[in-house]
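In: task: produce atomic coordinates for the following.
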Amino acid sequence: MNYENVGSIVINLLRPDTTIQCISSLLKHANGIKIYCGDQDGDLNLKKFCKSVDVRYIKLRKDCGIGVARNKLVEMALADGCEYFMWGDNDFIYNENLNLYHARAILEDNKGIGVVGGSLIEHNKVVHYEKYMYYDKKRRILTFVPINQCYPKTYIMNADPVTNKTYYLPGEISYKLCDITFNFCLAKKEVWRNNKIRWHNKIKVRFEHSYWFIMFQKYSKLKVAYCSSFQAIHKKFRTPEYDKFRNRDSDSTIYAKALGIDVMFSIGEASFDFTALGQVSRAYKIDKRAEVATSQLHYNNLMVTKDYVDRKISENLLDIEISDYIDTEKLQEFFRELISHNIKVIVVDKTCLSFINHGQFRVTKLHLGTESDILPKQVTLLTTLANKFNIRISTITWESRTKIKKWKELDIHVPLPVVNYLEKLFGSGWADE
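Out: Model (predicted):
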């Protein structure tokens, strides 16, 4: 497979060794690809490396920002006649699962798609950022909704890895339409014909990503696709010096003013209020309750069964990942230990149906909600207990309408869609069985 018609842009700032690793892996797994490296450091070793592997290198102004750098490299790639443009962060590593031809095949076969975003692997786990965007300029609100909460249609096609000819057969390549993906994309050259579809020249690092996709949504008739088999490994590497550049408040100010927004909600993730004392000056993370309230909105018109559905609010939710399948008895032992230390839990999300159908939790991920705030001492205790059972825990927030099914000492927390499913199968008395 040859990628001579693809140009990839890579930006370096304070991480030359990481950038070299990124470029080396891409050259290994994307034969013939043209790589353009914009260096904000003027690092001599990076410059020497780029010359040795025939990578186009350009020294940029120190801290000119990702916007200036990427816009410059796109112009260079356009001038060289590239048909497709790939970009990602310089701490990405590529391997045999890159599958760049999957993204290119989707673009070649679909005139209406302009950008294909891929998936990232972090700590051996696929992470997601494929979302729908709702930009309400009048109300000054920007909202992101994960597509997996909205039952998106999956499109399936096939591509021959040798000829790159595409066929409409079930199999090798699948994708879903969305509005924004991770900062790991392949785009057609047509995308760049409108010079308003660019990165903001004054945004240094933060929010440059969503700004670009908003410009694309606003000024292009083409669509965005998410292809999970188009993959990169995200080897996060940050130094204290790099974080100072990444997390500055000025980017928040520029971003909010450019879009004319006061609030940005990202369902299930951090949300931001860009106002402070009536002025757009700093991004403050919104209290999780506001985020929770937003995540509940799309259920309001669906609550046809709300008379018998219990409402359960949990301000602390434990997002638990289990490295290997854990049997029900061992899991029950873990729960007993939590309860014995006055940590009351309920089981939620992607586990209740498995238990009800099969009598055991055949999952690698559990969500446990607590009925009361967890004290700092309990957090330490909880971590110790989790380690004992080879379980990793992080804290997030959730609110949902559910039916509660009792099981031993636990409440099985069954979300509304599953309640409706079970009622169709077993009738309204399923929870009493």
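
In: contact partners for the nearest residue to P146 once chain neighbours are set aside?
Out: Among residues not flanking P146 along the chain, K131 sits closest, at 5.4 Å (Cβ to Cβ, 6 or more residues apart in numbering). Heads up, the C-betas are built off the backbone N, CA and C, glycines and all. Residues near K131 by Cβ atoms under 8 Å, 6 or more residues apart in numbering: 144-147, 178-181, 266.

In: ranking these by neighbours, who comes first?
Out: Highest neighbour count within those, by other Cβ atoms under 10 Å: T181, with 26 neighbours.

In: okay, now the closest residue to that residue other than its chain neighbours: neighbour count?
Out: Leaving aside its sequence neighbours, T181 sits nearest to G117 (Cβ to Cβ, 6+ apart; 2.4 Å). Neighbours of G117 under the rule other Cβ under 10 Å: 26.

In: for stretch 2-20, buried residues please.
Out: Buried positions in stretch 2-20, judged by neighbour count with 16 or more other Cβ atoms under 10 Å: 3, 6-16, 18-20.

In: and for stretch 80-89?
Out: Within stretch 80-89, the residues scored as buried using 16+ other Cβ under 10 Å are 82, 84-89.

In: also stretch 193-213?
Out: Taking 16+ other Cβ under 10 Å as the neighbour-count basis, stretch 193-213 is seen to contain the buried residues 197-213.

In: the chain: helices as residue ranges?
Out: Counting by DSSP state H, the chain has these helices, from start to end: 16-29, 44-52, 66-79, 100-109, 208-219, 240-246, 249-259, 288-296, 328-340, 352-358, 376-388, 416-426.

In: can you tell me which of these the model trusts least?
Out: Confidence, taken as mean pLDDT, is least for helix 288-296 of the helices of the chain (a mean of 33).

In: list the residues that contact N183.
Out: 87-89, 209.

In: can you do 10 Å?
Out: By Cβ atoms under 10 Å, 6 or more residues apart in numbering, the contact list for N183 reads 66, 87-89, 92, 117, 120, 129, 208-210, 212-213, 232, 234.

In: nearest to Y101, of the contacts of K131?
Out: T181 (17.9 Å; Cβ to Cβ).

In: pretty sure that closest one is touching A232, no?
Out: No. Counting by Cβ atoms under 10 Å, T181 does not reach A232; the two are 11.7 Å apart.

In: shared neighbours of the two, which are they?
Out: 118-120.

In: most neighbours among the residues you listed, which one is it?
Out: Result: G118 is most packed of the shared contacts of T181 and A232 (other Cβ under 10 Å), 26 neighbours.

In: what's around the closest residue to it other than its chain neighbours, how many residues?
Out: Closest residue in space to G118, ignoring its immediate chain neighbours: F230 at 3.4 Å, by Cβ to Cβ, 6+ apart. A total of 28 residues lie near F230 under the criterion other Cβ under 10 Å.

In: quick one, what contacts F230?
Out: If you count contacts by Cβ under 10 Å, 6+ apart, F230 has them with 86, 97-106, 116-119, 173, 175, 181, 184-186.

In: over to V116?
Out: 84, 86, 100, 102-107, 110, 175, 181, 184-188, 223-227, 230.

In: residue contacts, the nearest residue to it once chain neighbours are set aside?
Out: Residue nearest to V116 in three dimensions, not counting chain neighbours: A103, with 4.1 Å by Cβ to Cβ, 6+ apart. By Cβ under 10 Å, 6+ apart, A103 lies in contact with 6, 84, 86, 113, 115-118, 173, 175, 184-187, 225, 227, 229-230.

In: where does the stretch 51-200 of the chain have low pLDDT?
Out: Filtered on pLDDT under 70, the stretch 51-200 of the chain yields the residue ranges 158-172.

In: show me the strands in it, by range?
Out: Assigned by DSSP state E, counting those that start in this stretch, the strands in the stretch 51-200 of the chain fall at 56-59, 84-87, 92-93, 113-122, 125-127, 131-136, 141-146, 154-159, 166-167, 173-178, 185-188.
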